[in-house]
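>>> how would this look folded up:
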Amino acid sequence: QLQLVESGGGLVQPGGSLRLSCAVSGFTLDYYDIGWFRQAPGKEREGVSCISSSGGSPNFADSVKGRFTISRDKDKNAVYLQMNSLKPEDTAIYYCASRLFSICVLNPSEYDYWGQGTQVTVSS
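Numbering: from 1, shown residues only. Purely as a prediction, here's the structure:
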């Protein structure tokens, strides 16, 4: 059974950093793209970043370029989202999701399996 579990969210001041983790089980990262998405209250879910099954060619939303990085550890079957220079507008529930493919995209509808989400709040 494919499962994704996010962790690492919390409350941080503007300008601070957080690292989110996505632990996956039931499948190998060799064959699945992993995406990070977020949803703020009253807004649609949006793509933040993704990494392909090959581990290359990550994508980032324009709003996070230069501030967020994505990485993965195949031995630990985990994907990470490092978020720096956080802004209040980054506040949202963050989700990771997977899809069986080799070129990652930031469209949530392209992803099949989802975690339960982790709350990120950026506030002073």
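
>>> contacts and neighbour counts: CA atoms only from here.
Fine.

>>> Per-residue confidence, the one residue sitting closest to the centre of the chain, what does it come out as?
Central residue of the chain (CA atoms, centre = their mean): W36, 2.3 Å from the mean position. At W36, the model reports a pLDDT of 98.

>>> give me every residue that touches it.
47-50, 81, 94-97 (CA atoms under 8 Å, 6 or more residues apart in numbering).

>>> how close does it sit to S124?
Per CA to CA, to the nearest Å, W36 is found 25 Å from S124.

>>> just to revisit the earlier point, any chance of the contacts of W36 in JSON lines, plus distance to K74 and pLDDT?
Putting the contacts of W36 into JSON lines (distance: CA to CA, whole Å; pLDDT from 0 to 100) gives the following:
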{"residue": "G47", "distance to K74": "22", "pLDDT": "98"}
{"residue": "V48", "distance to K74": "21", "pLDDT": "98"}
{"residue": "S49", "distance to K74": "18", "pLDDT": "98"}
{"residue": "C50", "distance to K74": "15", "pLDDT": "97"}
{"residue": "L81", "distance to K74": "15", "pLDDT": "98"}
{"residue": "Y94", "distance to K74": "21", "pLDDT": "98"}
{"residue": "Y95", "distance to K74": "19", "pLDDT": "98"}
{"residue": "C96", "distance to K74": "16", "pLDDT": "98"}
{"residue": "A97", "distance to K74": "16", "pLDDT": "98"}
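
>>> Fine by me, thanks again.
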